[in-house]
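Enquirer: Here is the input, now give the coordinates:
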Amino acid sequence: MYFKKNMIFLICTLFVWITLASTASAIPAFARRYKLSCSTCHMPFPRLKDFGDDYAGNGFILEEEESERDYVSAGDDILWLQRDFPVAVRFDAYALYDEDKAVENDLQSPWGLKLMSGGAVFKNVGYYFYFYMSERGEVAGIEDAYIHFNNLFDSSLDIMVGQFQTSDPLMKRELRLTFEDYNIYKTKIAGSNTDLAYDRGVMVVYGIEQTSTDIVGMVVNGNGKAEAGADKSFDQDKYKNIGLRVSQAVGDLFSIGGFYYQGKETLQGSRMIDGETEINFSYDNELSYWGPDINIGVGPIDITGQYLLRKDTHKFSDRADEEIETSGIVLEAIFAPHLDRSRYYFTALYNNIDSDWDVYDYETATLSATYLFARNIRFILEYSRDLQYDSNRFLFGMVSGF
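Expert: Predicted coordinates:
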């Protein structure tokens, strides 16, 4: 049965690939759509330049390049279908040496293979999604998937509905140049289902052009992207979580922001009584994040810093509340010698997690070099030092998009 299911999946995947091949030729979807180089938006991919950020913020629509011949209306004024369905693929492969691990030498090829698509649904309405056909050898399914309503009511109000990372208004994990992650965003504490990675909900974005202020608010389920439960509900409890981020630009080189997130969840647990009888119980966890972030761009150097304090409060019916504090730091510096025309990029990344529960402590320092072999192929040479366990990781990798 297992073999049969996998064969069905493979056949379906190949069918989709063949069907879309006519529009998924040699270059990534957006570059192909507008006949622009990848360097228009990226430096290098997947990291976005300001232009790429604006393009994504407009719902993946480049208004000055739009024309009626690119769409099928069938004589209907309120139909705006793209003539060609945009699609692209990302392929990541790595070879690494990870000191003191059970398997020190590993060929992780492919580490990831995902199918991506994005573009216009209607005027000022865009979409984006990707399907992980393989992530670390497993079918990971859909991660980012949302509809983007842009400039509602002829204002700077945007609304995104779907599945996204709640850390996206801070430092976008999917756009980093390193293999090493921004770990505080994906850390779940003491049985919690909540982190700042993928979740389902609504995100509202409003920009105040006169003051260069951006405001982002969100409402999410708070329990990630797990499949629906027995009752067909995606949310695992009756609560919703909210987040708010305010960012202020100071001139052209500097911006500072603040983030606050609050939520509540019902968790399940068990414990032994008198060493004999095991009882099951449920309890509520009230949690919050707050912290500042900063970005400084001076010539070829771009520095981003994030501090977050997470607080979990377990509320039991039969004993005192339990509080756990966890702090996280992400500090990243990127050096591009020739700005957006560089073919070499150098990244320094520092991660620190300090929790009342020591099992979640984490501290690494990473140095990474990227070489842009082609606009859509880059090679990575990376070294990470685990400062907590005094071990080393060396990595050579390739990331491509086509």
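
Enquirer: Do you know the pLDDT at F153?
Expert: F153 carries a pLDDT score of 91 in this model.

Enquirer: Can you get me a residue count around it?
Expert: 6 (other C-beta atoms under 10 Å). Just so you know, the C-beta spots here come from the backbone N, C-alpha and C atoms, and that holds for glycine as well.

Enquirer: ditto for the one 10 residues further on
Expert: Using other C-beta under 10 Å as the criterion, Q163 is surrounded by 20 other residues.

Enquirer: pretty sure it is in contact with G141, am I right?
Expert: No. Applying C-beta atoms under 8 Å, one finds Q163 not in contact with G141, separated by 10.3 Å.

Enquirer: and for the two, which residues touch both?
Expert: The overlap between the contact sets of Q163 and G141 (C-beta atoms under 8 Å, 6 or more residues apart in numbering) consists of K225.

Enquirer: Counting neighbours, what do you get for S255?
Expert: Residues near S255, counting by other C-beta under 10 Å, number 19.

Enquirer: show me what contacts the nearest residue to T211 once chain neighbours are set aside?
Expert: The shortest distance from T211 to any non-neighbouring residue, by C-beta to C-beta, 6 or more residues apart in numbering, is to Q248 (7.5 Å). By C-beta under 8 Å, 6+ apart, Q248 lies in contact with 211-213, 255-257.

Enquirer: Could you report the separation of Q248 from W80?
Expert: As judged by C-beta to C-beta, to the nearest Å, Q248 and W80 stand 36 Å apart.

Enquirer: if I look at the closest residue to A336 other than its chain neighbours, how far off is E382?
Expert: Distances taken as C-beta to C-beta, 6+ apart put S342 closest to A336, at 4.4 Å, once the chain neighbours are dropped. Distance of S342 to E382, computed by C-beta to C-beta: 17 Å.

Enquirer: any chance of the contacts of Q248 in TSV, plus pLDDT, distance to T194 and secondary structure?
Expert: Converted to TSV, the contacts of Q248 look like this (pLDDT from 0 to 100; distance: C-beta to C-beta, whole Å; DSSP: H, G, I helix; E, B strand; the rest coil):
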residue	pLDDT	distance to T194	secondary structure
T211	94	32	coil
S212	93	31	coil
T213	96	28	strand
S255	96	27	strand
I256	97	26	strand
G257	97	21	strand
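
Enquirer: Let me see the ranges of the strands in the stretch 201-350 of the chain.
Expert: Chain-ordered strands for the stretch 201-350 of the chain, with DSSP state E, counting those that start in this stretch as the definition, fall at 213-220, 241-250, 254-273, 277-298, 301-315, 322-335, 344-355.

Enquirer: of all the ones you listed, which lies closest to R136?
Expert: Judged by C-beta to C-beta, the one of the strands of the stretch 201-350 of the chain that comes nearest to R136 is strand 344-355, at 19.7 Å.

Enquirer: buried set for the closest one?
Expert: Taking 16 or more other C-beta atoms under 10 Å as the basis for neighbour counts, the residues of strand 344-355 that come out buried are 345-347, 349-353, 355.

Enquirer: likewise stretch 234-243?
Expert: Neighbour counts over stretch 234-243 (16+ other C-beta under 10 Å) mark 234-237, 239, 241, 243 as buried.

Enquirer: Tell me who's in contact with D214.
Expert: Taking C-beta under 8 Å, 6+ apart as the contact definition, D214 lies against 205-208, 246-247.

Enquirer: hmm, try it at 7 Å
Expert: 207, 247 (C-beta atoms under 7 Å, 6 or more residues apart in numbering).

Enquirer: Tell me how far it lies from N193.
Expert: The gap separating D214 from N193 is 29 Å, by C-beta to C-beta.

Enquirer: try V359
Expert: Relative to N193, and taking C-beta to C-beta, V359 is found at 17 Å.

Enquirer: higher neighbour count, those two?
Expert: For V359 and N193, the more surrounded residue by other C-beta under 10 Å is N193, and the numbers stand at 18 against 8.

Enquirer: Please identify which helix or strand holds that one.
Expert: Using DSSP states H and E, N193 maps to neither a helix nor a strand.

Enquirer: Surely D98 is in contact with F179?
Expert: No. In this structure D98 lies outside contact range of F179 using C-beta atoms under 7 Å: 11.1 Å.

Enquirer: Have a look at the two and say which one is more surrounded.
Expert: Taking other C-beta under 10 Å, D98 and F179 do not tie; F179 has more neighbours (21 against 17).

Enquirer: Surely the more buried one is in a strand?
Expert: No. Secondary structure of F179, determined by DSSP: H, G, I helix; E, B strand; the rest coil: coil, with no strand assignment.

Enquirer: didn't it look like it was pressed against Y383?
Expert: No. Contact status for F179 versus Y383: not in contact, 10.5 Å apart, counting by C-beta under 7 Å.

Enquirer: end to end, how far does stretch 374-392 reach?
Expert: Between the opening and closing residues of stretch 374-392 there is a gap of 29 Å (C-alpha to C-alpha, to the nearest Å).

Enquirer: Name the residues of stretch 258-272 that are buried.
Expert: When neighbours are counted by 16+ other C-beta under 10 Å, the buried residues of stretch 258-272 are found to be 259, 261, 263-265, 267.

Enquirer: same check, this time on stretch 226-236
Expert: Within stretch 226-236, the residues that qualify as buried are 234-236, counting by 16+ other C-beta under 10 Å.

Enquirer: try stretch 387-399
Expert: Applying a neighbour-count criterion of 16+ other C-beta under 10 Å, the buried positions in stretch 387-399 are 393, 395, 397-399.

Enquirer: cool, stretch 160-180 as well?
Expert: Along stretch 160-180, the positions that meet the burial threshold by neighbour count (16+ other C-beta under 10 Å) are 160, 162-173, 176-180.
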